[in-house]
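>>> what's the 3D shape of this:
(one chain, ligands or ions: 1)
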Amino acid sequence: MPKASTSSQQETEQEKKLRQLAEEIRVHDARYHGADAPTISDAAYDALRAAFKKLRKQYPHVALSYDPDQKLGAPVAQGFAKAAHATPMLSLDNAFDADDVADFFARLRRYLNVLDDGSLPCMAEPKIDGVSLSLRYEDGQLVLGATRGDGQVGENVTDNIRTIADIPPKLSGKFPITVDVRGEVYMTKVDFLALNQSREAEGQDVFANPRNAAAGSLRQLDARITATRPLRFFGYAVANSDDVGVLTQQALREKIKEWGFVLNEPAELCDGVDDLQHYYERMKNTRHTLPYDVDGLVYKINNLSLQKKAGFVGRAPRFAVAHKFPAEQATTCVRDIMVQVGRTGALTPVAELEPVNVGGVLVSRATLHNEDEIRRKDIRVGDVVRIQRAGDVIPQVVAVMVDQRPASSQPFVFPTMCPVCGAAVVRVEGQAVQRCSGGMGCRAQRLERLKHFVGREALNIEGLGERRLQELMDWGWVAQPADIFRLKKHAGDLAAREGWGEKSVEKLLAAIDERRRVTLSKFIYALGIPQVGEQTAKLLARHYGNFPSFEKCMKAAAVPDSAEASDLQNIDGIGASVAAELANFFAHQAEQEAMRALRQELEVMAEDTVARGPLSGKVVVFTGALQTLSRAAAKESAEKAGAVVGSSVTRQTHFVVAGDDAGSKLKKARDMGVPVLTETQWLEMLGARA
Ligand code: IVH
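The predicted structure is shown next:
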């Protein structure tokens with residue numbers, strides 16, 4: 001009996017772990033795809049995915065609110081029209097070593113019934129880390145460019161991609177009537193460095209790596225800005241390859257080239273694991289000489305009918321695999337160790353490095369995480385260190401070359417006082433992180449709080465970057481979030497300051513005014529309560545509905561064993577430590593005052609408690625004879641998912657579902673570049689997104 005209970009307890013622990021991993025991945029997915037601003041390295045992300053995959057195998061039936069295997073990329077950002085993909089845009093499974101590649105082939109052979117010694121030729125090609133794009137050509141004319149989005153529906157970036165010279169507006173040679181070319185938008189290493197240099201000179205934030213630069217440049221709401229960015233494109237696949245009339249991936253590449261695209265070179269036809277391994281070693285050693293960042297290779301079964309037979313599993317095709325390169329490393333010297341203060345006061349030590357080129361990116365800083373990490377690796381000022389990045393955002397120190405250490409070297413002493421405000425540094429028992437105890441009295445914490453408040457995921461006030469916030473703080477006009485909404489009274493003074501001007505002040509004030517109405521969940525998130533991320537803010541907003549009841553309950557929840565405290569902890573997804581942070585936040589006099597001031601400036605709207613459908617806000621038009629759905633059932637299916645059914649195709653139509661004998665509406669949709677789905681694709685979309 002006790003034994004049984006132990007094992008079931010273990011099971012729930014494991015299931016909890018699975019959920020936590022899924023949630024962690026969700027957060028990183030959102031940062032990476034939604035905000036083009038990842039906070040962990042690709043290698044660390046891959047490790048999370050691998051841990052998730054392993055655990056998921058043991059618990060395939062656990063329901064997850066976010067299933068990383070089913071979700072791809074980010075939902076469509078605000079501002080771009082939506083574009084449904086006629087064929088879903090998928091991702092690739094990763095292989096990290098020769099064993100993983102061998103496993104991939106063994107699985108594929110079993111699935112395809114190809115004997116061990118039977119040949120299974122593969123196209124091997126570089127994997128360039130950029131942004132995937134689907135290009136639709138009709139009668140050879142470019143009609144639509146769409147990002148991956150969540151794999152089913154992406155962002156319509158047609159205007160932007162028309163500015164990319166590598167993307168032909170018109171296909172050459174012979175082509176199917178409709179063709180969806182898939183490929184990658186990227187930036188070369190040289191262009192990336194030059195772009196960052198000019199941004200730095202203009203005082204703008206620099207991009208962390210070529211991938212972010214490409215994503216950020218592509219997803220501009222103003223195509224004229226995209227036009228100024230050095231974006232490139234290579235084509236690597238055709239979604240409807242059946243229509244092209246070729247039998248192999250190699251021949252498909254030739255077609256793509258004939259149509260006027262640039263291919264990702266150098267590619268090679270290989271046969272067998274040994275052959276691929278040779279190509280891999282060669283590419284790994286020469287990748288620095290390529291003009292772009294390559295994070296691995298992609299192996300694709302050459303035979304297109306076998307590709308089709310292999311099909312897909314989850315979010316990835318069975319016929320292809322990405323063989324990743326190990327992280328890129330370099331040796332350099334630690335010039336200094338600085339300690340940064342974060343939004344919640346957390347102190348993060350950062351190594352200032354002798355700038356070094358790591359795989360085409362100039363690296364001058366590396367995170368040292370926390371005091372324990374410095375002590376564990378014994379990293380000191382003056383040390384020669386090995387650092388690494390793998391398309392990494394924040395490079396890391398892998399090892400210290402102790403034998404090259406100067407004789408005078410001293411261990412690093414972690415500050416006991418905040419380097420910004422001088423308040424005591426405290427460490428919570430059992431935690432690695434040390435915090436400045438200065439709270440809102442600390443300038444660094446204030447600035448970080450303000451940055452968070454106006455940031456993209458919070459209030460999203462455009463035109464208020466770090467530099468401007470700093471200036472506003474220096475001039476004494478902004479100390480807390482509410483002050484941002486009172487800037488109008490300084491408009492005249494502000495316009496007279498260097499680097500501002502009337503136009504930009506006007507624009508900023510308009511952007512601020514636009515944010516005077518905010519949903520409860522955004523508001524809660526924007527407050528910057530420790531451990532309260534977007535997801536938690538949403539849970540709280542849905543549960544409490546409006547600000548007054550949220551505030552009242554949070555204050556009451558500070559009393560242990562109160563009804564409010566247990567109600568809070570009973571919300572699925574809210575644990576004891578989040579509850580404690582909330583109670584702590586609301587018990588703070590200064591926080592209460594800051595919230596009161598804010599609420600005089602803006603309106604916090606009650607949260608929409610009605611569940612919004614996965615297709616909410618989309619307009620769909622049905623045309624022609626559908627096979628399985630009556631018109632009424634089709635309409636109902638759409639409305640259930642939150643979509644609106646239109647009777648005619650207009651600029652507002654997001655997609656058209658065409659059955660047999662569809663006539664003028666189908667033609668109009670094609671003429672206007674509105675995505676057209678078959679009935680099966682429509683049903684799949686509802687199924688996959690429900
Ligand atoms: S083929 C069905 N080939 O890597 C998936 N993808 O990690 C077809 N990528 O989403 C993808 N280079 O954005 C393919 N030579 C290449 C690639 C490539 C880069 C990207 C692509 C994909 C991601 C998967």
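>>> Now this protein against the ligand: closest residue?
Closest contact between the chain and the ligand, by C-beta to the nearest ligand atom, is at Ser132 (3.1 Å). In this view, the C-beta of every residue, glycine as well, is placed from N, C-alpha and C.
>>> how about the helices in the stretch 251-400 of the chain?
Using DSSP state H, counting those that start in this stretch, the helices found in the stretch 251-400 of the chain span residues 273-286, 304-310, 371-377.
>>> In CSV, list the ones you listed along with mean pLDDT.
Below are those laid out as CSV (pLDDT from 0 to 100):
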stretch, mean pLDDT
helix 273-286, 91
helix 304-310, 93
helix 371-377, 89
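>>> Figure out which of those helices is closest to Gln445.
helix 371-377 (18.7 Å; C-beta to C-beta).
>>> could you say what helices and strands the closest one packs with?
Packing partners of helix 371-377 (3 or more C-beta pairs under 8 Å, 6 or more residues apart in numbering; DSSP states H and E): strand 347-358, strand 396-400.
>>> residues of it that come out buried?
Neighbour counts using 16 or more other C-beta atoms under 10 Å place Glu371, Ile374, Lys377 of helix 371-377 among the buried residues.
>>> What residues does the closest residue to the first one other than its chain neighbours make contact with?
Put plainly, it is Glu371. Leaving aside its chain neighbours, Glu371 sits nearest to Phe414 (4.3 Å; criterion: C-beta to C-beta, 6 or more residues apart in numbering). Going by C-beta atoms under 8 Å, 6 or more residues apart in numbering, Phe414 touches Val339, Leu347, Pro349, Glu371, Ile374, Val425, Gln434.
>>> And Phe414, how close does it get to Ala351?
For Phe414, the distance to Ala351 equals 14 Å [C-beta to C-beta, to the nearest Å].
>>> How about Tyr280?
The gap separating Tyr280 from Ala351 is 32 Å, by C-beta to C-beta.
>>> The two: which has the busier surroundings?
Ala351 (26 against 22; other C-beta atoms under 10 Å).
>>> pull the helix or strand with minimum mean pLDDT from the chain.
helix 2-29 (a mean of 70; mean pLDDT, DSSP states H and E).
>>> Quick one: name whatever helix or strand follows it.
helix 42-58 (DSSP states H and E).
>>> now for that following helix, which elements pack on it?
Counting contacts by 3+ C-beta pairs under 8 Å, 6+ apart, helix 42-58 packs against helix 2-29.
>>> where does the stretch 201-350 of the chain dip in pLDDT?
Applying pLDDT under 70 to the stretch 201-350 of the chain flags the ranges 201-206.
>>> just the strands in it please.
Ranges of strands within the stretch 201-350 of the chain are 232-238, 268-271, 294-301, 312-313, 316-317, 320-324, 328-341, 347-358, based on DSSP state E, counting those that start in this stretch.
>>> Neighbouring strands - and their directions - for the fifth one?
The pairing partners recorded for strand 316-317 under DSSP bridges are strand 312-313 (antiparallel).
>>> who touches the partner strand?
Leu90, Arg318.
>>> That one and the ligand in contact?
No: Strand 312-313 stays clear of the ligand (C-beta under 6 Å from any ligand atom), getting no nearer than 7.9 Å.
>>> I'd like the distance from that strand to the chain centre, please.
Counting by C-alpha atoms, centre = their mean, to the nearest Å, strand 312-313 is centred 22 Å from the centre of its parent chain.
>>> Low-confidence regions, the stretch 351-500 of the chain specifically.
Those would be 359-360, 390-394, if you go by pLDDT under 70 across the stretch 351-500 of the chain.
>>> who in this protein is up against the ligand?
So the chain meets the ligand at 90-92, 125, 127-128, 132, 184, 236-237, 264, 298, 317, 320, 322 (C-beta under 6 Å from any ligand atom).
>>> which among those residues end up buried?
Buried by 16+ other C-beta under 10 Å: 90-92, 125, 127-128, 132, 184, 236-237, 264, 298, 317, 320, 322, out of the residues of the chain next to the ligand.
>>> Ramachandran angles for the residue lying closest to Lys488 once chain neighbours are set aside?
Distances taken as C-beta to C-beta, 6+ apart place Leu509 nearest to Lys488, at 5.9 Å, with adjacent residues excluded. For Leu509, the backbone dihedrals (degrees, to the nearest 10) come out as phi -60, psi -40.
>>> since we're on Leu509, how many residues are nearby?
Close neighbours of Leu509, defined as other C-beta under 10 Å, add up to 16.
>>> Hmm, Leu487 and it touching each other?
Yes: using C-beta atoms under 8 Å, Leu509 is in contact with Leu487, at 6.5 Å.
>>> quick check, Val645 in a strand?
Yes: assessed with DSSP: H, G, I helix; E, B strand; the rest coil, Val645 lies in a strand.
>>> Can you verify my assumption that it contacts Ala633?
No: Val645 sits out of contact with Ala633 when judged by C-beta under 8 Å, with a separation of 11.7 Å.
>>> more crowded one of these two?
A direct count of neighbours by other C-beta under 10 Å for Val645 and Ala633 places Val645 higher, at 16 against 11.
>>> And the more buried one, how far from Gly145?
Using C-beta to C-beta, one obtains 27 Å as the distance from Val645 to Gly145.
>>> Asp275 too?
Going from Asp275 to Gly145 by C-beta to C-beta gives 36 Å.
>>> out of the two, which sits in the busier spot?
Neighbour totals were compared for Asp275 and Gly145, and Gly145 leads with 26 against 15 (other C-beta under 10 Å).
>>> Mind listing what's buried along stretch 678-690?
Glu679, Gln681, Trp682, Leu683, Met685, Leu686.
>>> same thing with stretch 425-434?
In stretch 425-434, counting by 16+ other C-beta under 10 Å, buried: Val425, Val433, Gln434.
>>> So the last one is in contact with Asp372, correct?
Read it as Gln434. No: if you go by C-beta under 8 Å, Gln434 and Asp372 don't touch, sitting 9.6 Å apart.
>>> so how many other residues sit close to the closest residue to Gln329 other than its chain neighbours?
Take Gln329 and drop its neighbours on the chain: the residue closest to it by C-beta to C-beta, 6+ apart is Gln388, 4.4 Å away. Per other C-beta under 10 Å, the neighbour tally for Gln388 reads 21.
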